[in-house]
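Chemist: what follows is a predicted protein model with its sequence.
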Amino acid sequence: MTTLGGAAIPTISATISTVGLSSGITSIMDGLGIEEKPLNTLQIVQQKFKDNENVLSIFEAYQIAGQEHTSRILALVVSVAGGTYAVFSFTAARLPPRSNADLNIEKVFPLNETFQIGNDKKGSISQLLFTLKTAEEPAVKFYYYPIISAEGASDFDTFHAQIISAKMSMLHTPALGLNDMTALSFSWINDYRQIGEVKQELKRRENEFLKLNDFTVYCATWNVNNKSYCDSPLHLWLAACDAPPDIYAIALQELDTSAKAITFSENRPDALWINKMLESVYCKEDYEELTTVRLVGMMLTVIIKRQLRRYIARCRVKSIARGVFNALGNKGGVAVSIQLNESNLCFVNSHLAAHLAFVEARNEDYWGIVKGLVFDDDLRRTINDHDHIFWIGDLNYRIEEPPGFQFPSARGNHNYNDLLLQFDQLRQEMRKGNCFEGYTEGNITFRPTYKYDPGTDNYDSSEKQRAPAYCDRILWKGSNIEQLSYNSVMEIRQSDHKPVYALFRVKVKTKDEKLFKKIHEEVLKLVDKRENENQPQINVEKTLIDFGLVRFNELNIRDFTISNSCPIPVEFMFKVKDAPLNDICEKWLQIEPRTESLMIETLCRTDRPLCEYTQAEIKRLMNDESPEFRVTMPREFFLLIDYLHKQGPNVEGAFSLSSLEFNHAKNKEFNAIRDWLDSWSNEEFPGTPLAAAEALLMLLHLSETPLLDPLVEDILNTQTTAEAMELISLLSSPKRNVFVHLCMFLREGIERKYYNLMHVAIIFGRVLLRCTTKSKVYYRDTRTREFMQRFISSDVGTLSNATVTPATTTSSRTVATTTSEGRADTGENGRVNFVGGNQTNSNAKTLN
């Protein structure tokens, strides 16, 4: 496959030149006539992303497919909201790009725990090669140039270092293991993975049709201290606001801590508590339960206004245990994920490890919940894959006072909360980055919510006398969230914890349907126009290429031009033909009519040089099945054998094992020999004995079937020369005559020490007795060599009996015959003597 527009174009038996056409565009500021400063490549790439996604660096690379080089722009991008990084690979319609429309996202590589960048430096070429790989994307090879050409781009070493630095920056949190990045959110890249151009363009313009609408969210949490039901009214806790909120997220802990509930991971929602919540919310007639999720003592109920239900596009729940062995549900978290209009909200209720000293255990519980809570939707969302997150519950972080510290009295002490919060474990751990990174908590103006004597407002007076602590907290994460209130309710005294609530104003992305429809239509028109403009517009200068007379072993080249008149690269390829060819064309290019070779029998029916025949005449000769032949063997074979025979000692070494390499393409004499044979020339032979020997072998080898076909296997199975001759006599007279004539010639050359018998037997055995069936090469070579040795060395006088009387011929050229003018005579001791001859009434002469 080939790309037009700067790439090298491969050729197949023809030279192909390409032309890439594009037009230049100059941007002029409207009405001023002043040239606008063009954006550099990095600024253009930035336009492909949203406001909170920053392109940190770009790098120009290319990929290789066959002989095709296609440019790529790689960009390292960070999501400010998610704090995660990814490398994007762009295809470019042109370089440098003139606008973001020239760029399309091809692949996305998140810098997660499976991301790898490799740079192989084994050789000078591979130093300009690197690979990118993730679990989702197999290793992709990229090459690069040592010189930077794109404006605003980095060199490879800088780009590589920035990628490594970005990945390491995501591992700085102590709670994460060295190779543990599962808690990080890469959901933002889903907007760019395998999406069409329409969706990409809509994503880019979403700020034009999405508006932010205010919704109020009421979050409430309470550890009920294993109380099955609350008789007291809960309005003070759930209706502490001036107007009805849109959404309630109500969290309970220690709902039921019995051994049975913990052992069997009780997950049935508690209807009594849910009804109590519905009765206690602001104007209960306006609300309904959306969903409830429970795990043993933790329960989270989301209640919404009835008229809001139609704007909820998705609702999922999930829970995770973090108790003993991370299996029991007395500790852990439950969560609800919803899509409200175009925003995603997540509510988490957690109960973390208890006791003052177990700070690290609480941090581990937090990270375990972050990693383990994955909602079962199409995108497998994690907690961090949401626009707005509210984390509520009994987080169990305590006040860790220094030695000698005395808890101040709350009465009349305006700095009471500030004095305690400076020793608050949660705030200390958040400052260290050990937990709740990116979360915010409002200003605490209420007293510690734990631990009270149930039924009173007094702190623990038992023997343990646990110190007060802000165990019950409400935190949030995300943009466009404003906390309106944050307080506890001292008047509810059923538990050793005080309930806590917070009210938020959240700006939710809402689609303006009229604007969306208008912009969607604009995008469709834009994409359609772009597709029409960028449709491949290929013009081929010639559709019929005439190569003229194509002569064997001569390269013929014809140039034709393929032009691309659209502004983007166009890929083209030569169509592969169907079976049995399964290739673009025949090995020597397709020429009509297709002819591959002429049978020996056909050559014996010609009365003039083959080049003087038309294609129709050749076809008639090939289809002629009559037993009549004009000559006893093809003139081409006789002429070569006769020439070699006359050279005497000059032919030494002619038939060596290297002869089978067929280097005729490099032999300058070969084409002259071809023309001499093709025209039946009376001129002196134009080559050397070595070239003649190679030409003879090639003539025998080029035939589609071996000379002794179809009796090859039968002949190889014979034990004596006489048996073999009986089979050979069944062949057509041209094949029989060529074989016997050749063997007599070779035997004489071996006797005169011109050739080596072993070498000759191996070479001609492979050529004359080759087989198309599968067999072990060594075994077959042994059989063919042994047969040829036996046959060539034969002392019996049976060889001459294999020849036949030729048909009458009118040719005046020198031809092969075994008549009285040229025969195989039996000499002394029964030896067969090779006889040459002339077809035109010349006396036979013995050549030995």
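Modeler: The structure has been received and is ready for your questions.
Chemist: CA only for contacts and neighbour counts going forward, please
Modeler: Noted.
Chemist: looking at the chain, which helix or strand is least sure?
Modeler: strand 845-846 (a mean of 28; mean pLDDT, DSSP states H and E).
Chemist: count of neighbours near residue 92?
Modeler: By the criterion of other C-alpha atoms under 10 Å, residue 92 has 22 neighbours.
Chemist: over to residue 417?
Modeler: With other C-alpha under 10 Å as criterion, residue 417 counts 18.
Chemist: equivalent analysis for residue 552, please.
Modeler: Quick note: residue 552 (other C-alpha under 10 Å) scores 11 neighbours.
Chemist: now swap in residue 672 and tell me
Modeler: Other residues close to residue 672 by other C-alpha under 10 Å number 14.
Chemist: phi, psi for it please.
Modeler: phi -70, psi -40 (degrees, to the nearest 10).
Chemist: residue 333 now?
Modeler: The phi/psi pair for residue 333 (degrees, to the nearest 10) is phi -160, psi 150.
Chemist: how close does it get to residue 642?
Modeler: 99 Å (C-alpha to C-alpha, to the nearest Å).
Chemist: looking at the two, which has the bigger crowd around it?
Modeler: Using other C-alpha under 10 Å as the criterion, residue 333 and residue 642 rank with residue 333 on top: 32 against 19.
Chemist: could you pull up the residues touching that one?
Modeler: 295, 298, 319-322, 348-351, 369 (C-alpha atoms under 8 Å, 6 or more residues apart in numbering).
Chemist: who is the closest residue to it other than its chain neighbours paired with across the strands?
Modeler: Leaving aside its sequence neighbours, residue 333 sits nearest to residue 350 (C-alpha to C-alpha, 6 or more residues apart in numbering; 4.1 Å). Beta bridges link residue 350 to residue 333, residue 393, judged by DSSP bridges.
Chemist: contacting residues around residue 350?
Modeler: Applying C-alpha under 8 Å, 6+ apart, the residues near residue 350 are 253, 298, 331-334, 391-395.
Chemist: for those, which one is nearest residue 105?
Modeler: residue 391 (35.2 Å; C-alpha to C-alpha).
Chemist: hang on, that closest one in a helix?
Modeler: No - applying DSSP: H, G, I helix; E, B strand; the rest coil, one finds residue 391 to be strand, outside a helix.
Chemist: give me the number of residues near it?
Modeler: 25.
Chemist: with residue 236 instead?
Modeler: 17.
Chemist: just residue 76 next, same as before
Modeler: 23.
Chemist: what's the neighbour count on the nearest residue to residue 507 once chain neighbours are set aside?
Modeler: Nearest residue to residue 507 in three dimensions, chain neighbours excluded: residue 214, at 4.6 Å (C-alpha to C-alpha, 6+ apart). Residues lying near residue 214 (other C-alpha under 10 Å) number 16.
Chemist: name the secondary structure element that contains residue 214.
Modeler: strand 210-223 (DSSP states H and E).
Chemist: name every strand pairing with that strand and say which way it goes.
Modeler: Checking strand 210-223 against DSSP bridges gives partners strand 247-253 (parallel), strand 500-511 (antiparallel).
Chemist: ok now the shortest one, how far from the chain's centre?
Modeler: On the basis of C-alpha atoms, centre = their mean, to the nearest Å, the separation between the geometric centre of strand 247-253 and that of its chain is 46 Å.
Chemist: how about the CA coordinates for the helix or strand just after that strand, as CSV?
Modeler: Next helix or strand after strand 247-253 toward the C-terminus (DSSP H and E): helix 259-263. In CSV, the C-alpha atoms belonging to helix 259-263 read as follows (Å, rounded to 0.1, in the frame of the first residue of the first chain):
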residue,chain,number,x,y,z
ALA,A,259,-22.3,-11.1,64.3
LYS,A,260,-25.0,-12.5,62.0
ALA,A,261,-25.2,-9.3,59.9
ILE,A,262,-21.4,-9.1,59.6
THR,A,263,-20.9,-12.8,58.9
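Chemist: check which helices and strands the following helix or strand past helix 259-263 is in contact with.
Modeler: Next along the chain after helix 259-263, taking DSSP H and E as the criterion, comes helix 271-280. Under the contact definition 3 or more C-alpha pairs under 8 Å, 6 or more residues apart in numbering; DSSP states H and E, helix 271-280 sits against helix 235-238, strand 287-295.
Chemist: name the residues that touch helix 271-280?
Modeler: Residues contacting helix 271-280 (C-alpha under 8 Å, 6+ apart): 229-230, 233-235, 238-239, 284, 287-289, 301, 303.
Chemist: of all the residues in that helix, which ones are buried?
Modeler: Buried positions in helix 271-280, judged by neighbour count with 16 or more other C-alpha atoms under 10 Å: 273-274, 276-280.
Chemist: look up how far residue 515 lies from residue 118.
Modeler: Counting by C-alpha to C-alpha - residue 118 and residue 515 are separated by 46 Å.
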